[in-house]
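**Student:** Next comes the sequence, and after it the predicted model I'd like to discuss.
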Amino acid sequence: MKNKKRTVYTDRLITAREAKGYTQIQFAEKVREYMGNKFSKGYLSSIESNRRPLPQNYIEPFAKILGVSEDYLCGLTSDKNGTAEDEVKPTFDWRDMTTEIEISQLGKYEGQPVCIRRKDTGMQYWGIVMKVPEDQKYSANVSGIGGVSGDRIYGVHTYGVLVGEPYVQIIAITPNVEKLISISLWARLYTAYESMYQQQMTLRQVLNSEETVFVRMRNADPQIYSMYDGWYKLNETKDFLVNEEGRMLPINGCGITYNCYSQGIDSYEDIKKKRRAEWQEKKSK
C-alpha cells in the first residue's frame with residue numbers, strides 16, 4: 001500500500017487534528033519537531049483547504065502525531081486505527097445501474113450523470129461529469145452536491161477522478177432515474193451543475209449579511225452534522241447564529257468548527273420558472 005500514491009482526506013485530517021486539540025500553529029510545530037525540517041502553519045492551511053496536496057512522505061508522520069492509521073487518513077477504512085485490509089467490503093445491488101465505466105473513458109460522459117462508489121469503503125457520490133481538466137493525471141472532474149435542504153443545495157463540490165485510481169468504480173445511471181434518486185433531487189443536482197448554487201462565506205460576509213445562511217459542520221460525525229446542518233440567521237447582537245429550532249452556534253466558530261454558505265443566485269423555484277419560460281418561448285416559435 002505504501003508504494004502506491006495516496007491522497008489524504010482533508011476532512012479527516014481536520015477532524016483528527018481538532019480531536020487532539022491542536023490549532024494549525026500547534027500541529028505545524030509538532031510536524032516540525034517530528035520531521036526536523038521547516039513546516040509552516042500556512043503550508044498546513046493550504047493542505048487543509050485543498051490548495052496543495054500533502055506530500056507522500058508526510059502521511060506517516062501526520063498519522064502518528066494524530067494517533068490514527070494512515071489508511072484512515074486516506075479514506076481507505078472507516079476505523080480510525082484500522083487498515084484497508086480489515087475493512088468489511090459492503091455488497092451492492094447493481095440492478096438499477098448500467099455497465100461499469102472505464103475511468104480512462106469517463107471524459108466521454110461529459111454533462112451526464114454518474115454514480116461514483118469507492119470499492120474499498122463503499123462511499124457513494126452522485127454527480128455530473130464536468131470538463132476533462134488539462135492535467136492528464138485526471139480522467140475527469142465530477143461535480144455534485146453535499147446535500148439538500150428544502151429547495152436549496154449546499155456543499156457543491158468537485159471530485160477529481162485520477163487515471164488508474166484503483167479504489168474507484170464509476171457507474172452510469174440508467175434512464176430510470178426515479179429508481180435511484182427522486183426527480184426533485186435530480187433536478188436540483190442539475191441546478192447545482194448549471195449555476196454552482198452556493199458559495200462559501202467568510203466570517204466578515206456572514207456578519208454583514210442580512211440573509212439566512214446555510215451551515216455545514218466540519219465534523220465528520222453524522223450525529224453532529226445531522227443535528228446542526230441547516231439554515232441559520234444572525235441574532236440581533238451578531239454573536240450567534242440561530243436556526244428555527246432555537247439551536248445556537250457561536251459566530252466565532254465560522255470557518256473553524258463549521259462553514260457558512262450563501263443562498264445562491266436564484267432559488268430552485270426561480271430557476272424552474274426560468275426554464276419553463278424558455279421552453280414556452282421555444283415552443284411558440
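**Tutor:** That came through, no problem. Residues are numbered from 1 along each chain as shown.
**Student:** where's Lys64 relative to Leu234, distance?
**Tutor:** To Leu234, Lys64 is 41 Å away according to Cβ to Cβ, to the nearest Å. For every residue, glycine as well, the C-beta is placed using N, CA and C.
**Student:** An error on my part: the question was meant for Tyr72.
**Tutor:** 36 Å.
**Student:** Neighbour count for the two, which is higher?
**Tutor:** More crowded of Tyr72 and Leu234, by other Cβ atoms under 10 Å: Tyr72, with 23 against 19.
**Student:** For the more buried one, give me the pLDDT.
**Tutor:** You'll see Tyr72 listed with a pLDDT of 84.
**Student:** excluding its backbone neighbours, what's nearest it?
**Tutor:** If the residues on either side of it in the chain are set aside, Tyr72 comes closest to Lys80, at 5.1 Å by Cβ to Cβ, 6 or more residues apart in numbering.
**Student:** my read: the one you found touches Glu70, true?
**Tutor:** No. Contact criterion Cβ atoms under 8 Å: Lys80 and Glu70 do not qualify, at 11.3 Å.
**Student:** domain ranges for this protein?
**Tutor:** Domain segmentation of the chain under automatic domain parsing yields 10-86, 97-195, 200-261.
**Student:** low pLDDT regions in the protein?
**Tutor:** 1-5, 78, 85-199, 219-223, 225-226, 263-280, 282-283, 285 (pLDDT under 70).
**Student:** what do you get if the cut-off is 50, keeping everything else the same?
**Tutor:** For the chain, the stretches flagged by pLDDT under 50 are 1-3, 88-99, 145-157, 172-197, 265-269, 271-272.
**Student:** Met217 contacts Leu241, correct?
**Tutor:** No. Using Cβ under 8 Å as the test, Met217 is too far from Leu241 to be in contact (12.0 Å).
**Student:** ok, so what distance separates Gly82 from Asp11?
**Tutor:** In this view, Gly82 and Asp11 are 18 Å apart by Cβ to Cβ.
**Student:** same deal with Met201?
**Tutor:** In terms of Cβ to Cβ, Met201 sits 19 Å off from Asp11.
**Student:** if you count what's nearby, which of the two comes out ahead?
**Tutor:** For Met201 versus Asp11, the count of surrounding residues by other Cβ under 10 Å is larger for Met201: 20 against 14.
**Student:** which ones are touching that one?
**Tutor:** Ser209, Val213, Cys254, Asn259, Cys260, Tyr261, Ser262 (Cβ atoms under 8 Å, 6 or more residues apart in numbering).
**Student:** Name the secondary structure element that contains Arg216.
**Tutor:** strand 213-217 (DSSP states H and E).
**Student:** Tell me which other helices or strands that strand touches.
**Tutor:** Secondary-structure packing of strand 213-217 (3 or more Cβ pairs under 8 Å, 6 or more residues apart in numbering; DSSP states H and E): strand 152-154, helix 222-228, strand 230-234, strand 258-261.
**Student:** With just CA atoms, put it into PDB.
**Tutor:** Provided in PDB are the C-alpha atoms of strand 213-217 (Å, rounded to 0.1, in the frame of the first residue of the first chain):
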ATOM      1  CA  VAL A 213     -27.100  31.200   5.600                       C
ATOM      2  CA  PHE A 214     -26.600  27.500   5.300                       C
ATOM      3  CA  VAL A 215     -24.300  26.000   8.000                       C
ATOM      4  CA  ARG A 216     -22.400  22.800   7.300                       C
ATOM      5  CA  MET A 217     -20.400  21.300  10.200                       C
END
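**Student:** All set, thanks.
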